[in-house]
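K.L.:
quick one, structure for this:
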Amino acid sequence: MAQAWPTVCSTCQQVGCTCVKPVNSQPQRRTRRMYNRRWQRTRRQFLKDNPLCISCNARGNVRPAEEVDHVTPHKGDQGLFWDTANWQALCKRCHSRKTQREADTGKRVVVCGQPTTGKSTYVQKNFTAGDIVFDYDNLLAALLPGHTNKRANPSDLIGLIEGMREAAVVYANTSATTRNLWMIIANRKRAEVLAGRMNAQLIDLDGPTDEPPPQADI
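P.N.:
Next comes the predicted model:
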């Protein structure tokens, strides 16, 4: 499995630095302490009483619930945190999507299809300025100026680009950024895996998709 791309310190711009990291604020520490043994015990009972994801069920799908979500974000408020009327059972995917929306993160889109389906063209027509586009061919062209034969991609760079792709997935899952992220992949199975990991919309240009294509912002 590819390793995550090294993280660069935002203070000194170096990898593996020894800078003193900022101490978490008191509200953050207080919020973490709320997820204690009492919460774990109560959470397990709530999921036992509510075994299905309420969001999936509303769309006619059946998926087991794995997370207890606070409908209204508690932000450290004890009343909202323990109010069971403010709880709902969700699967991990629906919970992550809701968390991303609340954090005002951008959309995640994985576009897949065979080489002749126009994946890059599709993204070019739908992305907006400031979006991040992960395109294997464009990365290879940047790494090897003058390389144009897509049928003879150098095998010694596969690990490097896979590592960069893994870094993009980590970024998508840990950064509450408003930037949209587009990932272009030919292999359908790999696209499904990555879309699931990033809670992304999957656009398959070889066939129908579960969701309508995203519209470009105006």
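K.L.:
pretty sure residue 63 contacts residue 53?
P.N.:
Yes. In terms of CB atoms under 8 Å, residue 63 counts as a neighbour of residue 53; the distance is 4.6 Å. Heads up, the C-betas are built off the backbone N, CA and C, glycines and all.
K.L.:
between the two, what contacts are shared?
P.N.:
residue 91 (CB atoms under 8 Å, 6 or more residues apart in numbering).
K.L.:
neighbour count winner among the two?
P.N.:
More neighbours surround residue 53 than the other of residue 63 and residue 53, with 25 against 16 (other CB atoms under 10 Å).
K.L.:
what does the residue nearest to the more buried one when sequence neighbours are not counted show for phi and psi?
P.N.:
Closest residue to residue 53 apart from its sequence neighbours, by CB to CB, 6 or more residues apart in numbering: residue 91 at 4.0 Å. Main-chain dihedrals, residue 91, degrees, to the nearest 10: phi -80, psi 170.
K.L.:
now do the contacts for residue 91.
P.N.:
By CB under 8 Å, 6+ apart, the neighbours of residue 91 are 53, 55, 56, 63, 64, 65, 66, 67.
K.L.:
adding pLDDT, secondary structure and distance to residue 198, write those residues out as CSV.
P.N.:
Below are these laid out as CSV (pLDDT from 0 to 100; DSSP: H, G, I helix; E, B strand; the rest coil; distance: CB to CB, whole Å):
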residue, pLDDT, secondary structure, distance to residue 198
53, 93, coil, 19
55, 88, helix, 18
56, 89, helix, 18
63, 92, coil, 18
64, 95, strand, 21
65, 94, coil, 21
66, 93, coil, 17
67, 92, strand, 17
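K.L.:
which of those residues count as buried?
P.N.:
Among the contacts of residue 91, those scoring as buried are 53, 55, 56, 63, 65, 67 (criterion: 16 or more other CB atoms under 10 Å).
K.L.:
mind listing the residues bridging to the nearest residue to the fifth one once chain neighbours are set aside?
P.N.:
This means residue 65. Once flanking residues are discounted, residue 65 sits nearest to residue 89: 3.5 Å by CB to CB, 6+ apart. Beta bridges link residue 89 to residue 68 when assigned by DSSP bridges.
K.L.:
how near is the residue nearest to residue 53 to residue 167?
P.N.:
Separation of residue 91 from residue 167 (CB to CB, to the nearest Å): 26 Å.
K.L.:
cool, residue 96 as well?
P.N.:
Per CB to CB, residue 96 is found 19 Å from residue 167.
K.L.:
again, but for residue 66
P.N.:
26 Å.
K.L.:
one more: residue 93?
P.N.:
The spacing between residue 93 and residue 167, counted by CB to CB, is 22 Å.
K.L.:
identify each buried residue in stretch 161-168, please.
P.N.:
161, 165, 166, 167, 168.
K.L.:
got the phi and psi for the closest residue to the second one other than its chain neighbours?
P.N.:
Nearest non-adjacent residue to residue 165, counting by CB to CB, 6+ apart: residue 134, 6.4 Å away. Note on residue 134: its backbone torsions stand at phi -100, psi 100 [degrees, to the nearest 10].
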